[in-house]
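Asks: The following block contains a protein sequence and its predicted model.
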Amino acid sequence: MQPLTDDEFDAIVEMALDEVPPELMAMLDNVVFLVDAEPPPDDPDLLGIYEGTPLTERGEWWGQGSLPDRITLFRGPLTRMCADDEELREEIAVTVVHEIAHHFGIEEDALHELGWG
């Protein structure tokens, strides 16, 4: 795959987010999507990460003054594993759904059983 500019990658992310079912996106609560160049050095193949408090762990007082949860996509490993823009868009959409599942409290093992791991 040819190297992409930040703007080109961001445009593909936007297209991928449009492919996520709207009803799923509507269920997100206080979540932002970010893009970073590379994952942490201890996990160089990580495609994305959810950082926050899953809905299943939020108490009655959660959210007052809380920063938004974050779903970060990592440009480097995503572009290295994909052959073209179409494959990249599909992989980003799968990664986003995977990370959204963590927001809903679905653990890694369950995602693997469901085929989203």
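Replies: The structure has been received and is ready for your questions.
Asks: and the spatially most central residue of the chain, how far is that from residue 57?
Replies: The chain has residue 96 as the residue nearest its centroid, 3.4 Å off, counting by Cα atoms, centre = their mean. Distance check for residue 96 against residue 57: by Cβ to Cβ, to the nearest Å, it reads 21 Å. All C-beta spots, glycine's among them, are computed from the backbone N, C-alpha and C.
Asks: ok, the closest residue to residue 39 other than its chain neighbours - how many residues close by?
Replies: Using Cβ to Cβ, 6 or more residues apart in numbering and skipping the chain neighbours, the partner closest in space to residue 39 is residue 46 (3.7 Å). Burial measure for residue 46: 17 neighbouring residues, criterion other Cβ atoms under 10 Å.
Asks: what's near enough to touch residue 46?
Replies: Going by Cβ atoms under 8 Å, 6 or more residues apart in numbering, residue 46 touches 39-40, 74, 77.
Asks: Including distance to residue 105, could those residues go into JSON lines?
Replies: Formatted as JSON lines, the entries for the contacts of residue 46 read as follows, by distance: Cβ to Cβ, whole Å:
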{"residue": "39", "distance to residue 105": "23"}
{"residue": "40", "distance to residue 105": "23"}
{"residue": "74", "distance to residue 105": "23"}
{"residue": "77", "distance to residue 105": "25"}
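Asks: So which elements touch the longest helix belonging to the chain?
Replies: Longest among the helix segments of the chain by residue count, using DSSP state H, is helix 85-103. Other helices and strands packing on helix 85-103, by 3 or more Cβ pairs under 8 Å, 6 or more residues apart in numbering; DSSP states H and E, are helix 6-19, strand 31-36, strand 48-51, strand 69-74, helix 75-81, helix 108-113.
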